[in-house]
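Enquirer: Task: produce atomic coordinates for the following.
(one chain, ligands or ions: 3)
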Amino acid sequence: MRTGDHPAIPEARTGVLLVNLGTPDAPTASAVRRYLAQFLSDRRVVEIPALLWQPILRGVILTVRPRKSAHAYAQVWTEQGSPLAAITKRQTEALQRLMGDDVRVAHAMRYGQPEIGSAIDALMAGGCRRILVAPLYPQYCAATTATVVDAANAHLATLRWQPTLRFLPPYPDDAAYIEALQASLEQGLEALDFVPDAIIASFHGMPERTLRLGDPYHCQCRKTARLLSEAIGRPVEVAFQSRFGRAKWLEPATDVTLERLGREGRSVAIFAPGFAADCLETLEEIAIRGREQFVAAGGRNFAYLPCLNDSAPGMAMLETLVRRELAGWR
Ligand SMILES: C=CC1=C(C)c2cc3[nH]c(cc4nc(cc5[nH]c(cc1n2)c(C)c5CCC(=O)O)C(CCC(=O)O)=C4C)c(C)c3C=C
Ligand SMILES: [Fe+2]
Ligand SMILES: [Fe+2]
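Expert: Ligands and ions are numbered 1, 2, ... in the order given. Here you go, the predicted structure:
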């Protein structure tokens, strides 16, 4: 093509790409196996040398776990698919409405569909030359935030004409996040027909070793809970859920905490402020299994309070965070 034949370059637009973890396409063992194979092969997630880890993953884990996890997924699956997929899609549509036509909002998953690379390509095809990538993790963790940044940058490494990227910083102590959590928590507590004597903030766990290696995740979870406790004027207990494998994980563990409170005959309200959207880990592990463990141990009243999801406080928070990052970019 001669230089004079090049088409005019259209005016650049701005895109926002919301990214969450990902989820299987179906609540079946084969779909879960595909998803887990990709997720658990990420060296940011399982920090064991591949030569040691891959035989364990391909041998034991991908043989046993998919069937068990598929059964768990089946209990929370909706007509719109996996809760995580359905809620992320609703968040994307709601943010698009809030942002108006100047900005294109799309979503992607780190594992499974839609892929980060394809979502970036689609935004580029729609004229977006600047893209704000927003990992939907309030607390920074190498296993979540960093792997999204890596994947977006790895895709850019394959492009001739790259968009300009910005990344939404983690927001564990952002006033907009704490206010959204406070509004959501107070609304949830008011709707209960009992007064909980313990409020538990359950965060996804991590191997304890990552804390010693310098990952700020643990400290950021604690800070979120402290700020929220100050905001609502009540103690908030921190616990870490979803233990995986044999290594020591962050403590106290959510299941151990629920059993203890159950044995003490208490009433609890539990919520998961580190998850932007309800998912298997909140709906099955906490709301179903956690409740059963708590009641079996002798607990009195139990309530699981939902994540921010696409609630009005949750979306107002996302709009505030996104608009702040886009300021001065257009
Ligand atoms: C080594 C294993 C894992 C680490 C480290 C880990 C960190 C981590 N995960 C989330 C958020 C989510 N995890 C979810 C599911 C899930 N997580 C693991 C393992 C590790 N997570 C597994 C094996 C699974 C799959 C389900 C199962 O088989 O039990 C989900 C839900 C996905 C869904 O489909 O609903 C989320 C969300 C965070 C935030 C985090 C570190 C901070
Ligand atoms: Fe996880
Ligand atoms: Fe800490």
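Enquirer: How many residues are close by the closest residue in space to residue 98 that isn't next to it in sequence?
Expert: Excluding the flanking residues, the one nearest residue 98 by Cβ to Cβ, 6 or more residues apart in numbering is residue 319, at 4.6 Å. Heads up, the C-betas are built off the backbone N, CA and C, glycines and all. The number of residues packed around residue 319, counting by other Cβ atoms under 10 Å, is 16.
Enquirer: Per-residue pLDDT of residue 319, please?
Expert: Per-residue confidence (pLDDT) for residue 319: 98.
Enquirer: where do the strands sit along this protein?
Expert: Using DSSP state E, the strands assigned to the chain run over residues 13-20, 103-109, 128-135, 164-167, 198-204, 237-241, 268-271, 302-305.
Enquirer: Around ligand 1, which positions in this structure sit nearby?
Expert: If contact is defined as Cβ under 6 Å from any ligand atom, the residues of the chain in contact with ligand 1 are 21, 23, 36, 45-46, 65, 69, 82, 84, 137, 141, 143-144, 204, 206, 217, 242, 244, 274-275, 279-281.
Enquirer: Buried subset of these, written for ChimeraX?
Expert: ChimeraX command restricting these to the buried ones, with burial defined by 16 or more other Cβ atoms under 10 Å:
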select :21,23,36,45,46,65,69,82,84,137,141,143,144,204,206,217,242,274,275,279,280,281
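Enquirer: quick revisit: quick one, what contacts the residue nearest to residue 98?
Expert: Neighbouring residues of residue 319 by Cβ atoms under 8 Å, 6 or more residues apart in numbering: 95, 98-99.
Enquirer: Pull up the gap between the closest residue to residue 250 other than its chain neighbours and residue 31, please.
Expert: Among residues not flanking residue 250 along the chain, residue 240 sits closest, at 4.2 Å (Cβ to Cβ, 6+ apart). Going from residue 240 to residue 31 by Cβ to Cβ, to the nearest Å gives 27 Å.
Enquirer: more crowded one of these two?
Expert: Set side by side, residue 240 and residue 31 give different neighbour counts by other Cβ under 10 Å, the larger being at residue 240 (24 against 18).
Enquirer: Bridging across strands, which residues link to that one?
Expert: Each beta-bridge partner of residue 240 is listed here: residue 203, residue 253, as defined by DSSP bridges.
Enquirer: What residue in the stretch 201-330 of the chain comes nearest to ligand 1?
Expert: Taking Cβ to the nearest ligand atom as the measure, the point where the stretch 201-330 of the chain comes nearest ligand 1 is residue 279, at 3.1 Å.
Enquirer: check contacts around that residue.
Expert: For residue 279, the contacting residues are 21, 23, 82-84, 87, by Cβ under 8 Å, 6+ apart.
Enquirer: Which of those sits closest to ligand 3?
Expert: residue 21 (22.4 Å; Cβ to the ion).
Enquirer: Pull the number of nearby residues for the residue nearest to the closest one when sequence neighbours are not counted.
Expert: Nearest-residue entry for residue 21: residue 110, 5.7 Å, with adjacent residues in sequence omitted and distances by Cβ to Cβ, 6+ apart. Residue 110 sits with 22 neighbouring residues when counted by other Cβ under 10 Å.
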